[in-house]
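**Q** using only what follows, build the 3D model:
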Amino acid sequence: MTTFTDFKTFSEYIGVAKPLDNDIDMGYYDPLNMRLKSEPVMIDFYIVSFKVNFTDKSTTDAQPKTAVFLNSPEMAFEWNVEPDLSGMYLHISKKIIDENRYLFRNYLDYGQHESLFLIDSELTEIITLFNLMIKYYHQDKQNFPVLLSYANVLLSLVEAFYKRQFSTDTKQYNQIVINFQQSLKDYYNQPVNHTPNVQYFADKLGLSSNYFGDIIKHFTQKSAIENIHEFVIKKAKELLEQKPKISSAEVAYELGFEYPTYFTKFFKKKVNLTPKEYQLKMTNQ
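**A** Numbers count the residues shown, from 1 in each chain. Just a heads-up that it's a prediction; the model follows:
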């Protein structure tokens, strides 16, 4: 699989204008000169693609849409688009992300299949802002801070529009929450040798960990790891209540903790009692 480590070679590959900068690159798609289909490739930077009149050939839905796609390092992606596609792209180097992480969002690591579908008013805002960014992109480096600030605003808009999508397509996203909660219950219906983590459930649902985490946080008002921890504590309490003679170490191993002492500290932090103290309290009630 080909990996593109810089904007220049990737731009040549897809058939867009030569980049003017090695940290931020942007421009408009030109379908007449673009590569409309590609086998899976990887990149060593971040891409935010705004695709207008996009038709997803991988589905039975032939209705053209306007979508935002996110591609990040070490995530393979491919495309197969119609020649009437238009839109814009923004390439951001890992260096800029690392140096300005406070400006950027977790959703930059969403998967390609976790796209955002824009409504008309949102597209208008994006185009207006993008045109302002292009102005500073074509000026010299002294205006780079302005361009960087605009990139932050653009990505903040994308974040807001994702939240709108989560709120308006509740059937789809509620199902993800339901499946997560069921997977939590199923987790301990088998022997385990480690405690559950966010990546496990994201993989189970075929989602990137950041996308999965943002959906869970949006609908439960708690992070995915908070939901997991609450469930583990619930299971621990059940074991301590139902088996009065069970030891803290036995509970720890049954829940997948490698070290009983870590389980005891974890339980004390969440419940304000040690497992033994909780056990005695329940016994004396």
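
**Q** for the stretch 51-200 of the chain, what are the low-confidence residue spans?
**A** Applying pLDDT under 70 to the predicted model, the residue ranges of the stretch 51-200 of the chain that meet it are 56-62, 103-107.

**Q** what about the longest strand along the chain, distance to the chain center?
**A** When the chain is parsed with DSSP state E, its longest strand is strand 45-54. Offset of strand 45-54 from its chain centre (CA atoms, centre = their mean, to the nearest Å): 16 Å.

**Q** swap in stretch 148-158?
**A** 17 Å.

**Q** go on, stretch 89-96?
**A** Taking CA atoms, centre = their mean, the mean C-alpha location of stretch 89-96 is offset from the chain mean by 17 Å.

**Q** now do stretch 115-122
**A** Centre-to-centre, stretch 115-122 and its host chain are 18 Å apart (CA atoms, centre = their mean).

**Q** tell me the buried residues in that stretch?
**A** Neighbour counts using 16 or more other CB atoms under 10 Å place Ser115, Leu116, Leu118, Glu122 of stretch 115-122 among the buried residues. (Glycine included, C-beta is placed from N, CA and C.)

**Q** which residues touch the second one?
**A** Contacts here follow CB atoms under 8 Å, 6 or more residues apart in numbering; on that basis Leu116 touches Ala67, Val68, Val158, Phe161, Tyr162, Gln165.

**Q** just to be sure, Gly111 is in a strand?
**A** No. Going by DSSP: H, G, I helix; E, B strand; the rest coil, the assignment for Gly111 is coil, not a strand.

**Q** run a quick neighbour tally on it.
**A** The criterion is other CB atoms under 10 Å. On that basis, Gly111 has 21 neighbouring residues.

**Q** surely it and Glu74 touch.
**A** No. When contacts are counted by CB atoms under 8 Å, Gly111 is not listed as touching Glu74 (11.5 Å).
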